[in-house]
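[1] sequence and predicted structure are below.
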Amino acid sequence: QVQLVESGGGLVQAGGSLRLSCAASGIIFSNYIMGWFRQAPGKEREFVARILWSGDGTYYADSVKGRFTVSRDYAKNTVILQMNSLEPEDTAVYYCAGSVSGADIDPHQYDYWGQGTQVTVSS
């Protein structure tokens, strides 16, 4: 059974940092592209970042570029999203997702999803 479990969300003031983790089980982690998406109330789910199988191919949404960093820990089957200089506009539920085939910014390209973790940034 495939499971993606996010953790690390919470409430933080603007300018602060959070570190989100997504623990994967039931898959061969190194075979999957891993992505992060977010969804704010009343808005569509949007792409945040993704990292390739090898860990050296990362891509970010313009809105988070330079502030967020995605990485993966193969020993722990975990993908990390380090979020710095957080802004109120970053408030959303954050989801990790996995794709065994080529995937980029389109959420429909991802095969598995976590349950999400809430991030709230106060001004």
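    Everything's here; your move.
[2] confirm V119 sits in a helix?
    No. Per DSSP: H, G, I helix; E, B strand; the rest coil, V119 lies outside any helix segment and is strand.
[3] apart from its chain neighbours, what residue comes closest to it?
    Nearest residue to V119 in three dimensions, chain neighbours excluded: G9, at 4.8 Å (C-beta to C-beta, 6 or more residues apart in numbering). Glycine gets a C-beta too; all of them are placed from N, C-alpha and C.
[4] tell me the contacts of the one you found?
    Shown in contact with G9 (C-beta atoms under 8 Å, 6 or more residues apart in numbering): 18, 20, 94, 117-119.
[5] and if we set it to 10 Å?
    The contact partners of G9, taken as C-beta atoms under 10 Å, 6 or more residues apart in numbering, are 18-21, 83, 92-94, 116-120.
[6] just I105 next, same as before
    35, 37, 46-50, 59-61.
[7] what helix or strand is it on?
    Counting by DSSP states H and E, no helix or strand carries I105.
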